[in-house]
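> Give the three-dimensional model of this entry:
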Amino acid sequence: MLDEVLFFDTLRQGLWISVIISIPILTAALVTGVSIGLVQALTSIQEMTLTFVPKLAAIVIVFWLSMGFMTQTLVSFFQNRIIPLIIGG
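Below is the predicted model of the structure:
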């Protein structure tokens, strides 16, 4: 049976893994959004697609580049933490 300490430790570790995995994508969105916003403020161009399209492109590129890291982190977490709990070990 899964006791409370093991449950909360696994939950804490799962939340930390999700934070680590999301950092590259969120950083790319933040940097792209701030830089495009700065360009918009300097040129007085207020076009919504000007921020959306580059931000989406940056997110897709960073996701594609960090896909291996994300997959390896999730597989490692499941193999080392979740599957032993399911098996009962």
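> in the chain, which spans are helices?
4-43, 48-65, 67-77, 83-87 (DSSP state H).
> Mean neighbour count and mean pLDDT for those helices - can I get that in a markdown table?
For every residue, glycine as well, the C-beta is placed using N, CA and C. Listed next are the helices of the chain as a markdown table, based on neighbours: other CB atoms under 10 Å; pLDDT from 0 to 100:
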| stretch | mean neighbour count | mean pLDDT |
| --- | --- | --- |
| helix 4-43 | 13 | 94 |
| helix 48-65 | 13 | 91 |
| helix 67-77 | 13 | 96 |
| helix 83-87 | 10 | 89 |
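> what residues are up against residue 40?
Residues in contact with residue 40 (CB atoms under 8 Å, 6 or more residues apart in numbering) are 46, 47, 50, 51.
> Ignoring the adjacent residues along the chain, who's closest to the first one?
When the adjacent residues along the chain are set aside, residue 46 lies closest to residue 40, with 6.4 Å between them (CB to CB, 6 or more residues apart in numbering).
> Same check on the second one?
On the basis of CB to CB, 6+ apart, the spatially nearest residue to residue 47 that is not a chain neighbour turns out to be residue 40, at 7.6 Å.
> returning to that earlier point: out of the contacts of residue 40, the closest to residue 4 would be?
Taking CB to CB as the measure, residue 4 lies nearest residue 51 of the contacts of residue 40, at 45.0 Å.
> show me what contacts the closest one?
By CB under 8 Å, 6+ apart, the neighbours of residue 51 are 33, 36, 37, 40.
> What lies in contact with stretch 3-21?
So stretch 3-21 is contacted by 69, 70, 73, 74, 77, 81, 82, 85 (CB under 8 Å, 6+ apart).
> Now do the same contact list for the second one.
Same thing as residue 70. For residue 70, the contacting residues are residue 21, by CB under 8 Å, 6+ apart.
> I'd guessed residue 25 sits against residue 60; true?
No: counting by CB atoms under 8 Å, residue 60 is not a contact partner of residue 25; they are 9.5 Å apart.
> which neighbours do these two share?
By CB under 8 Å, 6+ apart, no residue touches both residue 25 and residue 60.
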